[in-house]
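**Q** what follows is a predicted protein model with its sequence.
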Amino acid sequence: MPADEFSAPPPGVSFVMPVLNERAYLEHAVASVLAQDVDAPTELVLALGPSTDGTTDLARRLAAADDRIRLVDNPAAHIPVGLNAAIRASRYDTIVRVDAHSELSPGYAARALQTLERTGSANVGGVMHAEGRTPFQKAVARLYNSPVGLGGGAYHGSSQEGEAESAYLGVMRREVLDGVGLFDESIRRGEDWELNLRLRQAGHRVWFDPELSVTYWPRESWLRLARQFRATGAWRGELVRRFGRRNGIRYFAPPALVAIVALAVVLGVLQLTGVLSGVASLVASLLVYGPLALYLLLVLGVALAPGGGGVRQRMWTLLVLPTMHISWGLGFLGGVLRGARDTVDASRLGTRNTPLP
């Protein structure tokens, strides 16, 4: 076998992007990648899932217009499968993960390369800054950027640079990725957290740099948002089954809310039917309805807080925040109890809400 097959990849940057039904966002995402100014060769490898909205045709047109864009197939449609296909097809020694629903800020790649070198890290990530166009999407984006919405992970708005549990998207050293075995293709959501866990277990450093910023565009409808969060919760439950206490305590808040809502329903039935009454009913009400009332006050407070936008955006916030928490919590409980199995994020599959074939 030729000796050069064993040589390290040449210096350069390979951006990798899994793509599925992203016609409305792909062109802007690709433009933000191609505009990155780095002192090295670059390429963008798109892993194309079986889109039904014209995304694949758009990707082919973009590739025909710029020879830095390369295409690989991802018939399974799963994100880690597409990422691995793109990484294996890539040519350079630094891998930059990009999401088709996001846009890199100017100077992102150059800053990330500097941070990789300065910190000696294996993976560097920054802030996921959500934005919206409609009142609904703006409400979702505001909650994404709030610790109340997504639990306060560093990449949702921390300003403190340092070592991190995980990294949003990630700018990674190819040799380290090859060493730990790329993404685990059996994990459909949360694959980045699991990869970073393996990196840290192997003695490598994962680094958060708040100067790195990526614009993220959330789902555009309530149903798509609920589907997304249920799938994400299910896979976090699967990760708890596999890795136990390595998961942060914040992941258990939404399922606790679901449990309280279920208890409130049961308690209400018992009280209405007269099975539970008197002092026992009063004590149970304080223990169950009390926390639920505090949560509802929290939702109301978030909706009315300064920066909440116009009336329509605030009204959406009243629905979106519980949807995020309860959908995620229901998915999490299912994932813990029976495993995520074939659960997929169906939020980009049009009217489909079933696993892909």
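**A** Great, that's in hand.
**Q** residue 172 is in what secondary structure piece?
**A** Taking DSSP states H and E as the criterion, the element that holds residue 172 is strand 171-173.
**Q** who does that strand pair up with?
**A** Sheet partners assigned to strand 171-173 using DSSP bridges are listed as strand 94-97 (antiparallel), strand 123-130 (antiparallel).
**Q** contacting residues around the next helix or strand after that strand?
**A** Reading on from strand 171-173 to the C-terminus, the next helix or strand found by DSSP H and E is helix 174-180. Outside of helix 174-180, the residues within contact range by C-beta atoms under 8 Å, 6 or more residues apart in numbering are 8-9, 14, 87, 90, 92-95, 122-123, 195, 198-199, 202, 204. Every C-beta, even on glycine, is put in place using the N, C-alpha and C of the backbone.
**Q** repeat the analysis, applying 7 Å as the threshold.
**A** For helix 174-180, contacts defined as C-beta atoms under 7 Å, 6 or more residues apart in numbering pick out 8, 9, 87, 93, 94, 95, 122, 198, 199, 202, 204.
**Q** cool, stretch 239-257 as well?
**A** 151-152, 190, 193-194, 197, 233, 236, 295, 325-326, 328-329, 332-333, 336, 339.
**Q** where in the protein is the helix or strand with the lowest mean pLDDT?
**A** One helix or strand of the chain scores below all others by mean pLDDT, DSSP states H and E: helix 147-150, with a mean of 83.
**Q** and it, which residues are buried?
**A** For helix 147-150, burial by neighbour count (16 or more other C-beta atoms under 10 Å) applies to 148, 149, 150.
**Q** how far out from the middle of the chain is that helix?
**A** 13 Å (C-alpha atoms, centre = their mean, to the nearest Å).
**Q** and the next helix or strand past it?
**A** For helix 147-150, the succeeding helix or strand toward the C-terminus, using DSSP H and E, is strand 162-163.
**Q** that next one - contacts with which helices or strands?
**A** The helices and strands touching strand 162-163, judged by 3 or more C-beta pairs under 7 Å, 6 or more residues apart in numbering; DSSP states H and E, are strand 206-216.
**Q** centre of the chain to the strand it packs on, how far?
**A** Strand 206-216 sits 14 Å away from the centroid of its parent chain (C-alpha atoms, centre = their mean).
**Q** so what strands line up beside it?
**A** Using DSSP bridges, the strands paired with strand 206-216 in its sheet are strand 102-104 (antiparallel), strand 123-130 (parallel), strand 162-163 (antiparallel).
**Q** so where's the stretch 1-150 of the chain shaky on pLDDT?
**A** Applying pLDDT under 70 to the stretch 1-150 of the chain flags residues 1-7.
**Q** one more pass at 80, please.
**A** Applying pLDDT under 80 to the stretch 1-150 of the chain flags residues 1-8, 150.
**Q** please enumerate the strands of it.
**A** Ranges of strands within the stretch 1-150 of the chain are 13-19, 42-48, 69-73, 94-97, 102-104, 123-130, based on DSSP state E, counting those that start in this stretch.
**Q** any chance of those in TSV, plus distance to residue 160 and mean neighbour count?
**A** Formatted as TSV, those follow (distance: least, C-beta to C-beta, whole Å; neighbours: other C-beta atoms under 10 Å):
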stretch	distance to residue 160	mean neighbour count
strand 13-19	27	26
strand 42-48	30	24
strand 69-73	36	17
strand 94-97	22	25
strand 102-104	22	23
strand 123-130	11	25
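**Q** okay, the ones you listed in JSON lines with distance to residue 81 next?
**A** As requested, these are exported to JSON lines (distance: least, C-beta to C-beta, whole Å):
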{"stretch": "strand 13-19", "distance to residue 81": "8"}
{"stretch": "strand 42-48", "distance to residue 81": "8"}
{"stretch": "strand 69-73", "distance to residue 81": "10"}
{"stretch": "strand 94-97", "distance to residue 81": "14"}
{"stretch": "strand 102-104", "distance to residue 81": "19"}
{"stretch": "strand 123-130", "distance to residue 81": "20"}
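**Q** in CSV: the strands paired with strand 206-216, plus distance to residue 28.
**A** CSV is the format used below for the strands paired with strand 206-216 (distance: least, C-beta to C-beta, whole Å):
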stretch, distance to residue 28
strand 102-104, 6
strand 123-130, 15
strand 162-163, 31
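**Q** on that earlier part again, what comes into contact with the strand holding residue 172?
**A** 94, 95, 96, 112, 116, 122, 123, 124.
**Q** check the residues you listed and tell me the two furthest apart.
**A** Within the contacts of strand 171-173, two members stand farthest from each other by C-beta to C-beta: 96 and 122, at 13.5 Å.
**Q** of the contacts of stretch 239-257, just the buried ones, ChimeraX syntax please.
**A** Restricted to buried positions by 16+ other C-beta under 10 Å, the ChimeraX selection for these reads:
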select :151,190,193,194,197,233,236,295,325,326,328,329,332,333,336
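**Q** out of the contacts of stretch 239-257, which sit inside strands?
**A** Among the contacts of stretch 239-257, no residue falls in strands (DSSP state E).
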